[in-house]
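build the 3D model from these lines:
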Amino acid sequence: MAKLLVKDDKYDKKGMLFALFKADPELLKHVYHFDKVQKKGFGSFVLKNPPRQPASSFKEFATEDSVRATLKAHDEEQNDSFETHLQGLFYPEDRLYLFIRRASDEDLLLSSNRIVHGHKPD
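Okay, the predicted model is just below:
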């Protein structure tokens, strides 16, 4: 803390955040939320009715087939002759990651000593 003291009682905020992140990245969540509570005030509340919960989990809902169907519908809606391809879908730590490839602009690629016409992937 003493190293991050700029003058009198002022601290280097970014330096402190990086120090917290280095110690444990999860600590930043607590600092951010505490800062918001102090700036905005806080009042707890309870919902009159509990929120609606779907019968199936999001992991069961967002399958490769449903994502491919959504991408196909998007391609038809865009109607620009480009195709969208699902490269991968996985759930590390219960978070959805999608890798989608879609051509965007016409481009030239050099292959050894010749030019190949194609599209730049987005």
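
what is the burial count for the closest residue to Y11 other than its chain neighbours?
Closest residue in space to Y11, ignoring its immediate chain neighbours: L4 at 5.1 Å, by C-beta to C-beta, 6 or more residues apart in numbering. All C-beta atoms are positioned from the backbone trio N, CA, C, and that covers glycine. Residue crowding around L4 was assessed by other C-beta atoms under 10 Å; the count is 14.

could I get the pLDDT score of L4?
What the model reports for L4 is a pLDDT of 75.

so it touches A19, yeah?
Yes - L4 is in contact with A19 according to C-beta atoms under 8 Å; the separation is 7.1 Å.

list the contacts of the residue nearest to Y11.
For L4, the contacting residues are 11-12, 15-16, 19, taking C-beta atoms under 8 Å, 6 or more residues apart in numbering as the criterion.

how is this protein carved up into domains?
Structural domains assigned to the chain are 2-39, 58-121, following automatic domain parsing.

least confident of those domains, on average?
domain 2-39 (a mean of 73).
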